[in-house]
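Participant: 3D, please:
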Amino acid sequence: MNAENPSMEGDPLIKPSSTNHPLHFAVCEACRSVHDPEIPVNIFDLGLIYTVEIDEACNVNILMSLTAPGCPVAGEMPGWVEDAVMAVPGVQSATAQLVWEPQWGMDMMSDEARLELGFM
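Facilitator: The predicted model follows:
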């Protein structure tokens, strides 16, 4: 239990997204257009997009991870995400930042991704 707030077990592992923003769905769809070259599933359904934060000025900040720190496209994938999100009408700026906590795991994949990869 959290001593300051006994009803809370602690901070969430993943920062919440701006799901009420009018651009949220379109930004998530743009993230779905980006694929890990080694896995035939988009990075959104893989669970690599942790947080989509959109402010009032339509600046987008994305916290994302990779399936492994040694991913050969680690230096490039955030740029791919930024480019995809910048193509969304109304977005003023896009930043994708790699984070390693929490560590990505297969349990973060959507049911569609699990099905496509033969895990269901």
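Participant: point out where the protein drops to low pLDDT.
Facilitator: 1-13 (pLDDT under 70).
Participant: OK, contacts around the residue nearest the centre of it?
Facilitator: Geometric centre of the chain, nearest residue: Ile49, 1.1 Å, by Cα atoms, centre = their mean. By Cβ atoms under 8 Å, 6 or more residues apart in numbering, the contact list for Ile49 reads 28, 31, 43, 62-64, 81. Heads up, the C-betas are built off the backbone N, CA and C, glycines and all.
Participant: inside helices: which ones of those?
Facilitator: With helices defined by DSSP state H, the entries of the contacts of Ile49 inside them are 28, 31, 81.
Participant: ok, and the most crowded of those residues?
Facilitator: Val81 (27 neighbours; other Cβ atoms under 10 Å).
Participant: and the closest residue to it other than its chain neighbours, what does it touch?
Facilitator: Nearest residue to Val81, sequence neighbours excluded (Cβ to Cβ, 6 or more residues apart in numbering): Ala96, at 4.0 Å. Listed by Cβ under 8 Å, 6+ apart, the contact set of Ala96 reads 62, 64, 77-79, 81-82, 85.
Participant: kindly recompute the last result at 6 Å.
Facilitator: By Cβ atoms under 6 Å, 6 or more residues apart in numbering, the contact list for Ala96 reads 62, 64, 78, 81-82.
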